[in-house]
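In: what shape does this take:
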Amino acid sequence: MDFTSRLRAVVQGNRPQAPVAGFIRELTYEPDDGYRNGAPLDLDRAAASLGGRRMSTRFGECLVIDRRYEAERWHGDIRIGECALDDVDALRLLDPGIASPLERFQPCPRTLFIDLETTGLSGGAGTLAFLVGCGYFDLGAFQVRQFLLTSHAGERALLAAVAEFFDAADLIVTYNGKTFDVPVMETRWMFHRMEMPLDGVPHFDMLHPARRLWKNRAGDGYDDAGCRLSTLERTLFDVQRIGDVPGLDIPRRFFGFVRNGDPRPLEPVLEHNRIDLVSLAAVTARAVRLTQEGHGACRNCAEALALGRIFEKADLPGRAEACYRRAVESPESMIRADALYRLGVRLRRDRRFDEAASTWRQLMELTEPRAMRRGLLGTLRQVAVEALAIHHEHRAKDLAGARELALVVLEESGGHRGQVHHRLARLDRKLAKKNDAQLFL
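Out: Below you'll find the model as predicted:
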């Protein structure tokens, strides 16, 4: 016997036994035997209290709680039926990394929304996923199934039940799941030497498209401009959580359940997890709708600008231009300036030089020069003035106008732009040559 086995035998009060031929010692540590204060947990009582049922696996039992949200039910100001995912192409546009894995699924894969409640946020081998929430659409309704850990010793039973449930998924959708949820689950399966059911399953993490679309929001009326799921559900759908359990209190409630067997404090945790799953489906549906309908579906100019950047990256110039033109109408100077800049670049790439020049002029005239010398607005203004100078020199053949604009760039940059000095010298030579030609005539 190795040292660990001998030490375990001493702690358990047993004498070391000779290893049985052909027996492979299990290295998994099971720190809990399912007993509370000398009495076993009453799974039937816990299931009845939480509205769930017992599920048996080859490793033991866990609790499963099912809830169904019918299609006509409202989640804030959006109906559940409107949250169904029905467009794979939109997902490819939002996350090009899943384009290839999704090619074999038409018209839409079997999608599973996943959210975990864990004993901590640090990750690593010591973090347990004591509640695995899964959601999927069934005949327009949103079906939620939650797997609840009843003791530390029952973790393999929970992992086995979850793995079997995941086998039917063609696509999983999470919120920060690539960084946290999936690595936590894979760590636990690996710890127990179990197969990884998510290997090869396409994974769409909604957090990253959400940041691109809504990180910088204007006109929402909220000071918190972050991209927490609870923030987005409030700003996008006016979801108001009543009596929601704080995130930091969730592990404490589970540990209390492990110690005393009282499942009642876990009910708010289950509800918190269910709302997260419904909100994840709603936010994903909102992003998909934006990519389907374009600028006409945008709530405000900030959203239109962000959507235009996504279309630009996806090489959809026409749709990007429409979004930028919508964003140009913004009363917010920063949004309007950014939209004008991107619109000007887009028009120049399409060789629509006169329209691009008009856009540069609008950007140049957006604010007073002295107020624009620093920050992003100042940088965009300098880009616009330089672009106009190039247009006047090479396309409009207005050398005097190009020289005047070059002087503006030089003045607003503090005289530290070497390339502007070269442009001025070149323009002076061209003007002198032109004047000599006119004198000769």
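
In: export the helix or strand hosting residue 423 as PDB, just CAs?
Out: Per DSSP states H and E, residue 423 falls inside helix 418-440. C-alpha atoms of helix 418-440 as PDB (Å, rounded to 0.1, in the frame of the first residue of the first chain):
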ATOM      1  CA  GLY A 418       6.500  65.400 -39.700                       C
ATOM      2  CA  GLN A 419       4.400  64.000 -42.500                       C
ATOM      3  CA  VAL A 420       2.400  67.300 -42.600                       C
ATOM      4  CA  HIS A 421       5.600  69.200 -43.100                       C
ATOM      5  CA  HIS A 422       6.300  67.000 -46.100                       C
ATOM      6  CA  ARG A 423       2.800  67.500 -47.500                       C
ATOM      7  CA  LEU A 424       3.100  71.300 -47.100                       C
ATOM      8  CA  ALA A 425       6.500  71.300 -48.900                       C
ATOM      9  CA  ARG A 426       5.000  69.200 -51.700                       C
ATOM     10  CA  LEU A 427       2.000  71.400 -52.000                       C
ATOM     11  CA  ASP A 428       4.100  74.500 -52.100                       C
ATOM     12  CA  ARG A 429       6.100  73.000 -55.000                       C
ATOM     13  CA  LYS A 430       3.000  72.100 -56.900                       C
ATOM     14  CA  LEU A 431       1.500  75.600 -56.300                       C
ATOM     15  CA  ALA A 432       4.700  77.300 -57.400                       C
ATOM     16  CA  LYS A 433       4.800  75.100 -60.600                       C
ATOM     17  CA  LYS A 434       1.200  75.900 -61.300                       C
ATOM     18  CA  ASN A 435       1.800  79.700 -60.800                       C
ATOM     19  CA  ASP A 436       4.800  79.500 -63.100                       C
ATOM     20  CA  ALA A 437       2.700  77.700 -65.800                       C
ATOM     21  CA  GLN A 438       0.000  80.400 -65.500                       C
ATOM     22  CA  LEU A 439       2.500  83.200 -65.900                       C
ATOM     23  CA  PHE A 440       4.000  81.500 -68.900                       C
END
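
In: just checking, what packs against that helix?
Out: Using 3 or more C-beta pairs under 8 Å, 6 or more residues apart in numbering; DSSP states H and E as the contact criterion, the elements in contact with helix 418-440 are helix 375-394, helix 399-412. C-beta here means a position set from N, CA and C on the backbone, and glycine is covered the same way.

In: for the protein, which spans come out with low pLDDT?
Out: Counting by pLDDT under 70, the chain contains low-confidence residues at 1-4, 6-40, 99-108, 123-124, 217-225, 367-374, 413-418, 436-441.

In: domain ranges for it?
Out: Annotated domains of the chain cover 38-291, 328-440 [automatic domain parsing].

In: to residue 304, which of these lies closest?
Out: Closest of the domains of the chain to residue 304 is domain 328-440, at 7.8 Å (criterion: C-beta to C-beta).

In: can I get the domains of the chain in JSON lines with distance to residue 322?
Out: Compiled in JSON lines, those are given as follows (distance: least, C-beta to C-beta, whole Å):
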{"stretch": "domain 38-291", "distance to residue 322": "12"}
{"stretch": "domain 328-440", "distance to residue 322": "10"}
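
In: dump those domains to CSV, plus mean neighbour count.
Out: CSV is the format used below for the domains of the chain (neighbours: other C-beta atoms under 10 Å):
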stretch, mean neighbour count
domain 38-291, 18
domain 328-440, 17
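
In: quick one, which of those is nearest to residue 301?
Out: The minimum distance between residue 301 and the domains of the chain falls on domain 328-440, with 3.4 Å, by C-beta to C-beta.

In: gap between that closest one and the chain center?
Out: Its chain's C-alpha centre lies 37 Å from the corresponding centre of domain 328-440 when counted by C-alpha atoms, centre = their mean, to the nearest Å.

In: same question for stretch 158-167.
Out: For stretch 158-167, the distance to the chain centre is 25 Å (C-alpha atoms, centre = their mean).

In: what do you get for stretch 265-276?
Out: Once both centres are worked out by C-alpha atoms, centre = their mean, stretch 265-276 turns out to sit 21 Å from its chain's centre.

In: contacts made by that stretch with the rest, please.
Out: Applying C-beta atoms under 8 Å, 6 or more residues apart in numbering, the external contacts of stretch 265-276 come out as 49-50, 65, 67, 115, 117, 131, 133, 144, 146, 148, 175, 229, 233, 239, 241, 243-245, 250, 253-254, 256-257.

In: cool, and stretch 426-437?
Out: Counting by C-beta under 8 Å, 6+ apart, residues outside stretch 426-437 touching it are 393, 399-400, 402-403, 406.

In: just give me the longest helix of the protein.
Out: helix 267-293 (DSSP state H).

In: now the helix or strand following that helix: buried residues?
Out: Beyond helix 267-293 on the C-terminal side, the first helix or strand identified by DSSP H and E is helix 301-313. Judged by neighbour count using 16 or more other C-beta atoms under 10 Å, the buried positions of helix 301-313 are 301-312.

In: and which of the residues you listed is nearest to residue 376?
Out: Closest approach to residue 376 among the buried residues of helix 301-313 (C-beta to C-beta): residue 305, at 13.2 Å.
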